[in-house]
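In: Fold the following for me, if possible:
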Amino acid sequence: MVFHPGWNKNFIISFLIGFGFWMVMFFIQFYVGDLEFVGVHNPVNVIMPVVEVFIGYLVGSLINDLIVRGYVINILKDKIHIVWVFIISILIYALDDYWYAGFSLRNIIFSIILGLSLTLAYYKTGSIWADTGLHYGLNIAYGLFFGLVGNSGSGIFIVKETGHETAFSNLLHYLVPAIMFLFVLCTIRFYTTIVPNIKNRKITISQ
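Out: Below you'll find the model as predicted:
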């Protein structure tokens, strides 16, 4: 993990992308009736949930990214074709994610599509912060409504899952991460890219 020049820019850009796309997804769910907005918790009662969400998801996102992408990609990228590196890294992420989201075909497909953005951000930039910013941003958006434990009402905002699902709402869970992947693909040139030189222990920075 390197705090290279431009790490904060990578983190902020990615955070805004991840947070923005997930907030759009939640707003659409409110609009179509999948979720119902009940209200906001008393400010006194949200202090600990806010601390848990912001610190817990940062630590969790960073650890996951360092292992599933940073470690896996670096040990495999010079040994096998990069396509297989992507597949292995994304599958590990999807299998790890189902422990939290529950095992279902829908969750696996969702995690695979999401894993494309996370893996691409790290591979193209060499910066773990480009990856973690995305991961942390979408987790924060999720945490505002579902807290750290994933229960509706345990975040800052009180929401209710209506159980009203349509073909569109089911498609939304695939559509949003897929569009986010295309957006990351188009904006990756604005990130700071690092190219580590292992032999000389130096880092080359490019824009």
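In: give me every residue that touches Gly60.
Out: The contact partners of Gly60, taken as Cβ atoms under 8 Å, 6 or more residues apart in numbering, are Asn139. All C-beta spots, glycine's among them, are computed from the backbone N, C-alpha and C.
In: Now the host helix or strand of it: buried residues?
Out: If you go by DSSP states H and E, Gly60 is part of helix 47-65. When neighbours are counted by 16 or more other Cβ atoms under 10 Å, the buried residues of helix 47-65 are found to be Pro49, Val50, Glu52, Val53, Gly56, Tyr57, Ser61, Leu62, Asn64, Asp65.
In: how close does the third one sit to Gly137?
Out: In this case it means Glu52. As for Glu52, its distance to Gly137 is 17 Å (criterion: Cβ to Cβ, to the nearest Å).
In: do the last one as well
Out: Asp65 sits 12 Å away from Gly137, taking Cβ to Cβ as the criterion.
In: tell me what the lengthiest helix in the chain is packed against?
Out: Ranked by residue count and defined by DSSP state H, the top helix of the chain is helix 7-32. Contacts defined by 3 or more Cβ pairs under 8 Å, 6 or more residues apart in numbering; DSSP states H and E place helix 7-32 against strand 35-40, helix 128-146, helix 167-187.
In: Save the buried residues of helix 47-65 as a markdown table, and put in pLDDT and distance to Ser111 too.
Out: Formatted as a markdown table, the buried residues of helix 47-65 follow (pLDDT from 0 to 100; distance: Cβ to Cβ, whole Å):
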| residue | pLDDT | distance to Ser111 |
| --- | --- | --- |
| Pro49 | 80 | 25 |
| Val50 | 84 | 26 |
| Glu52 | 86 | 23 |
| Val53 | 88 | 20 |
| Gly56 | 91 | 19 |
| Tyr57 | 92 | 16 |
| Ser61 | 92 | 14 |
| Leu62 | 94 | 18 |
| Asn64 | 91 | 11 |
| Asp65 | 93 | 14 |
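In: Looking at these, which is nearest Ile188?
Out: Nearest to Ile188 among those is Asp65, at 16.3 Å by Cβ to Cβ.
In: Tell me who's in contact with the closest one.
Out: Counted by Cβ under 8 Å, 6+ apart, Asp65 has contacts Leu118, Tyr122, Ile128, Asp131, Thr132, His135.
In: And the second one, what's its pLDDT?
Out: Meaning Tyr122. pLDDT, Tyr122: 94.
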